[in-house]
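Engineer: can you look at this prediction? I've put the sequence above it.
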Amino acid sequence: MFDAHMHVGDFGAMFGVSLDRSGLVELMKSCGLESVVVFHPDNAYTKQVVESTPGAYGLVWSNPRVPGYLDEAREYLDHPRFLGVKLHPLLDGYHPNDPSVHPLMELLAGRRLPVLIHSGHPIFTLPWSIEELAAGFPETPVILGHMGHGNIIYINAAIDVAVRRPNVYLETSGMPMHTKIREAVERVGPTRVLYGSDAPFHHPQVEILKVRLSGLPAELVDRVLDANARLLFFGGEGRMQPVAT
């Protein structure tokens, strides 16, 4: 299985959870996760984790409000274990389609790399706002993290956005309605829905079970849990060989 959405680091001050490298390794082993994508606002910490953890790859946490953010993104994207970018407009406080984000989207389009964007909370991460960005950069794959999260209006909107925009993907973590995973696959297509756990905020076993109980046939369950992320991040559905660092 391939977990497309995991955090590493300590989030105790706000959330009371943490996941260090040893915890990540144990979680991967106990949950049967062969590959994972992880991130943290401190990209240097993410780099340490992915360089020392077989099967772990990183996303560059980018914040367009920070001076020099584009140079930092470019530097980490040159690293072979970083597979794209993570944006969190809600925590970092900006509109997804702010002009300051556009140079990053152009960079990703040139490298054909995806961006994972937190979705599902006003005022900065509503699906329609992220759609504005996706529409302007159709060559950049845009993953709606949590596919609308916990509000049915936003969940339905996330699916609608993915139907309208062929460069939009849906990621399942933290979205409570297992039946919406099946609806998303049926409406958006079999290759653009990805399993993610949002660990340590949610447990991978819970999020895996949600996919398994979605009502999808077995072959599509396997696609959501594994093949789709491999296709997006690695350009193929086979196993990625470890990258020397």
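Structural biologist: Ah, there it is.
Engineer: quickly note the distance from residue 233 to residue 59.
Structural biologist: 9 Å (C-beta to C-beta, to the nearest Å). (Glycine included, C-beta is placed from N, CA and C.)
Engineer: should've said residue 214
Structural biologist: Counting by C-beta to C-beta - residue 214 and residue 59 are separated by 25 Å.
Engineer: who touches the longest helix along the chain?
Structural biologist: Across the chain, the longest stretch assigned as helix under DSSP state H is helix 152-164. Applying C-beta atoms under 8 Å, 6 or more residues apart in numbering, the set of residues contacting helix 152-164 from outside is 119-120, 126-128, 130-131, 134, 144, 147-149, 168-170, 175, 177, 180, 183-184, 187-188, 192.
Engineer: residue 214 and residue 59 - which one has more neighbours?
Structural biologist: residue 59 (29 against 21; other C-beta atoms under 10 Å).
Engineer: now name the helix or strand holding residue 185.
Structural biologist: When elements are assigned from DSSP states H and E, residue 185 belongs to helix 178-188.
Engineer: so for that helix, what gets flagged as buried?
Structural biologist: Neighbour-count burial for helix 178-188 flags 178, 180, 181, 182, 183, 184, 185, 188 (criterion: 16 or more other C-beta atoms under 10 Å).
Engineer: test my guess that the first one contacts residue 214.
Structural biologist: Right, residue 178. Yes - counting by C-beta atoms under 8 Å, residue 178 does reach residue 214; the two are 4.8 Å apart.
Engineer: did I read that right, residue 223 in a helix?
Structural biologist: Yes - if the criterion is DSSP: H, G, I helix; E, B strand; the rest coil, then residue 223 is within a helix.
Engineer: based on its surroundings, how many neighbours for the nearest residue in space to it that is not next to it in sequence?
Structural biologist: Leaving aside its chain neighbours, residue 223 sits nearest to residue 190 (5.6 Å; criterion: C-beta to C-beta, 6 or more residues apart in numbering). For residue 190, the neighbour count with other C-beta under 10 Å is 14.
Engineer: one more: the one 10 residues further on?
Structural biologist: For residue 200, the tally of surrounding residues (other C-beta under 10 Å) stands at 22.
Engineer: next SSE downstream of the longest helix of the chain?
Structural biologist: With DSSP H and E, the next secondary element past helix 152-164 is strand 168-171.
Engineer: contact partners for residue 196?
Structural biologist: By C-beta under 8 Å, 6+ apart, the residues touching residue 196 are 3, 4, 5, 6, 145, 171, 172, 173, 207.
Engineer: swap in 6 Å and give it another go.
Structural biologist: Residues counted as contacts of residue 196 (C-beta atoms under 6 Å, 6 or more residues apart in numbering) are 3, 4, 5, 171, 172, 173.
Engineer: over to residue 13?
Structural biologist: Residues near residue 13 by C-beta under 6 Å, 6+ apart: none.
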